[in-house]
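1. no letters, just coordinates:
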């Protein structure tokens, strides 16, 4: 939860002791009322944001037959376009790992970068990009993993983390779990420790958790 805004001071201890005296200065009272009206909109905005609840499912739309026929794609574009919903999603992604001394957040391109860097900021951690081959400029470590049809490869900078670093893995979607398992392997290959995995969406019928059983998993929306 965000810290409470620093509202303008409307009174002081001296003002409190003087308010019942018969010859109060009317100008001081006018200033007090003026200040009160000045901060009223700010106070209302703060309390509304603190109390507002978001059903993030309402910001995810179904796109049938994308990227190919027979697939129902979960499109997060409406969530990304809504500032309040996006902020709520970032908060919930990070909240399970607050106070765990996370040093780095790692994510796989491309949608993972959207949430990963924001979660890193929320946790006061650094951000580590995991990319497709040829995208990182310095020396890299790589891992190749199986897809449903064929293989794919991910890379990470060799000096991205060191032994014992605590890393949180972030992605928008947990589907079959293959990509995240490969990303975790890369981070552990460099000697770092995986503190947990956090996802916006989990497609439970694809059993992605089966590939990730050795890690704490936090998901927000399950289908």
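-> Great, that's in hand. Because the structure is a prediction, the values reported are computed rather than measured.
2. please tell me how far residue 177 sits from residue 124.
-> Using CB to CB, to the nearest Å, residue 177 is found at 28 Å from residue 124. In this view, the C-beta of every residue, glycine as well, is placed from N, C-alpha and C.
3. who's more crowded, these two?
-> More neighbours surround residue 177 than the other of residue 177 and residue 124, with 21 against 11 (other CB atoms under 10 Å).
4. identify the residues contacting the more buried one.
-> By CB atoms under 8 Å, 6 or more residues apart in numbering, the residues touching residue 177 are 206-212.
5. how about residue 111?
-> 76, 171-173.
6. for it, what are phi and psi?
-> Residue 111 has phi and psi values of phi -70, psi -30 when expressed as degrees, to the nearest 10.
7. picking up where we left off before, widest-spaced pair of the contacts of residue 111?
-> Farthest-apart pair in the contacts of residue 111 is 76 and 171; separation 11.5 Å (CB to CB).
8. all strands of this structure, in order?
-> In the chain, the strands defined using DSSP state E lie at 61-64, 72-75, 104-108, 126-130, 140-146, 151-157, 166-174, 193-202, 217-222.
9. name the residues that touch the last one?
-> Pointing back at strand 217-222 there. With contacts defined as CB under 8 Å, 6+ apart, strand 217-222 is touched by 56-57, 60, 89, 92-93, 96-97, 174, 196-202, 204, 209.
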